[in-house]
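# Mind folding the following:
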Amino acid sequence: MDVYYIFCFLAAISVFLGFLNQYVLRTQTTIAITAGSLALSLIVTGLGKLEIVELRDWVSQLLPLMNLQDLLLKGMLGFLLFAGSLHIDLLMLRNQKVEITVLAIFGTLISTFAVGYMLYGFLSVIGMPVDLVYCLLFGALISPTDPIAVLAIIKSLKAPEQISIQVEGESLFNDGFGMVVFAVIYALAFEGTEPTLPAISHLFMVEALGGIALGLAIGGLFHWLICSTNDHSLELLLTLVIPTAGFAAANMLGVSGALAMVVAGIIIGNFTREKGFSRVSQHELDNFWTITEEFLNGILFLLVGLFLITIDFKPIDYVLILAAIVIVLLGRTLAVSVPFVFLKRRRKYHPYTERILIWGGLRGGLALALAMSIPGGYAISGIADNSSHDLRHLWVVMTYGVVVFSIVVQGSTIGPLIRRSRAASCPETSEPSPQTD
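Numbering: from 1, shown residues only. Below is the predicted model of the structure:
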């Protein structure tokens, strides 16, 4: 079957699941689509094992044609990050700049090393020793909270503004920074890069600062272009060029396309939106990118659920998944709690801030795509079960378990937490004005 036809049918299934959700589950659409596709995967697998209808092999052959890794990392990610950053309020972002910077950079690093070292120790204890650099690589790919998953849920639940901007800002920026950290550790693990400070600094500067610089250039260029025309259709088409050609250019230049899209989106959403769009075209801009974001989100989370069909689980995999979930939650707790020990000295925060940041740190298709980018062929001796395991298989399985847990369990249970946080909002925890920061 042609890839385009597969994409069309997957889009139809995601829309259909979203339609059913309003009558059956009545939960957040992202969670409903993921849960529905997981149920569909289990049904297909079960029918095959019962020898009623053998669909698993057929579906397993079709899904790789979509190539989730390239589809997300080289395509959909640009659209979703740009769409998410369009709605970030720059004034609120400036007011939370210290918190977002600390969480996005230091929080990601804390989680990367905490998860990496805990996983390294756990695997050694159960008799499956893995080199530390590979464990740190898992820590890097799983530590950033996925903005695609986070924004879809936080927006619909209407969290308190102070918490919402921290969650949204952190997830957008730690995504880009996390990919930079992953790229650096990946180069150390698989490309023979020397683990020297100059080499690591060079990789970081090119990826991170290059992405930010390119985002500023793209945002400035398209701000000027959009402000130079009064054609509403052309204005929308120009915004469409940013996550397509702009994101492709970032990937070709070897800089962070994620950071470039976030920076460009903030420029277009805060400056160009007011100066370059009329009231009517602002409404069209919001509608266009909201629909685009929801459409692509539906397909992405459908693919996450259906990906279950392609995995051949071994008995030890279930133990590793449970361990990974606990380790990642502990790493996330440290990534939030440690920075807030210092942040609390400068201002007061909403009493539910840390709890929502920890439990709302969802992982999604981005982590899974990064895990799939790890090359195969690196065998690990499993003393615990007298067998050998492929590093890529282990990391994909563990990542998948964490992703499904975070979306289905954390995503479905964060609602009551956010509702309690709205009830607990009080004047003394409100934000100071941006001028006082």
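
# can you list the weak-confidence ranges in the stretch 251-400 of the chain?
Low-confidence regions of the stretch 251-400 of the chain, defined by pLDDT under 70, span residues 379, 381-388.

# try 90
251, 254-259, 273-284, 286, 290-317, 341-393, 396, 400 (pLDDT under 90).

# where do the strands sit along it?
Per DSSP state E, counting those that start in this stretch, the stretch 251-400 of the chain carries strands over the ranges 379-382, 387-390.

# next SSE after the helix or strand hosting L172?
The secondary structure element spanning L172 is helix 161-190 (assigned by DSSP states H and E). Toward the C-terminal end, the helix or strand that comes next after helix 161-190 (DSSP H and E) is helix 197-204.

# other SSEs contacting that next one?
Contacting helix 197-204 under the criterion 3 or more C-beta pairs under 8 Å, 6 or more residues apart in numbering; DSSP states H and E are the following elements: helix 161-190. C-beta: built from backbone N, CA, C; applies to glycine.

# how about the helix it packs on: buried residues?
Using 16 or more other C-beta atoms under 10 Å as the test for burial, helix 161-190 gives 162-189.

# so what's the spatially most central residue of the chain up against?
The structure's the chain has its C-alpha centroid closest to D146; by C-alpha atoms, centre = their mean the separation is 1.9 Å. The neighbours of D146, taking C-beta atoms under 8 Å, 6 or more residues apart in numbering as the test, are S171, D175, L362, R363, G364, G365, L366, A367.

# tell me the SS of M128?
Three-state secondary structure (criterion: DSSP: H, G, I helix; E, B strand; the rest coil) places M128 in coil.

# backbone phi and psi for it, please?
Summarising the backbone geometry of M128 under the convention degrees, to the nearest 10, its torsions are phi -130, psi 60.

# ok, how many other residues are close to it?
Residues within reach of M128, counting by other C-beta atoms under 10 Å, total 20.

# Looks like it contacts A323 (just checking).
No: contact status for M128 versus A323: not in contact, 10.7 Å apart, counting by C-beta atoms under 8 Å.

# Can you name the residues in contact with stretch 11-24?
With C-beta under 8 Å, 6+ apart as the test, stretch 11-24 has contacts from T27, T29, A32, I33, G36, S37, F295, G298, I299, F301, L302.

# show me what contacts G169?
Applying C-beta under 8 Å, 6+ apart, the residues near G169 are I88, L93, Q96, E99, I100, A104.

# picking that back up, out of the contacts of stretch 11-24, who has the most neighbours?
Compared across the contacts of stretch 11-24, I33 has the highest neighbour count, 30 neighbours, by other C-beta under 10 Å.

# That one in helix, strand or coil?
Look at I33: counting by three-state DSSP, its state is helix.

# returning to that earlier point: just the closest of the contacts of stretch 11-24 to A83, please.
F295 (10.3 Å; C-beta to C-beta).

# so what's the closest one up against?
With contacts defined as C-beta under 8 Å, 6+ apart, F295 is in contact with A11, V15.

# and the gap between it and D286?
The spacing between F295 and D286, counted by C-beta to C-beta, to the nearest Å, is 15 Å.

# Check A217 too.
Separation of A217 from D286 (C-beta to C-beta) stands at 25 Å.

# got it, and L91?
Applying C-beta to C-beta to L91 and D286 gives a distance of 18 Å.

# Looking at the two, which is more packed in?
Set L91 next to D286 and count neighbours by other C-beta under 10 Å: D286 wins out with 15 against 11.

# Export the contacts of stretch 11-24 to JSON lines and append columns for distance to I110.
Formatted as JSON lines, the contacts of stretch 11-24 follow (distance: C-beta to C-beta, whole Å):
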{"residue": "T27", "distance to I110": "32"}
{"residue": "T29", "distance to I110": "32"}
{"residue": "A32", "distance to I110": "33"}
{"residue": "I33", "distance to I110": "32"}
{"residue": "G36", "distance to I110": "35"}
{"residue": "S37", "distance to I110": "33"}
{"residue": "F295", "distance to I110": "35"}
{"residue": "G298", "distance to I110": "33"}
{"residue": "I299", "distance to I110": "33"}
{"residue": "F301", "distance to I110": "28"}
{"residue": "L302", "distance to I110": "33"}
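
# So which of the residues you listed is the closest to R355?
Closest approach to R355 among the contacts of stretch 11-24 (C-beta to C-beta): T27, at 20.6 Å.

# hang on, the closest one packs against T413?
No: T27 sits out of contact with T413 when judged by C-beta under 8 Å, with a separation of 10.8 Å.

# Identify the residue nearest G254 in space, chain neighbours excluded?
Nearest in space to G254, with sequence neighbours left out and distances taken as C-beta to C-beta, 6 or more residues apart in numbering, is V206 at 6.4 Å.
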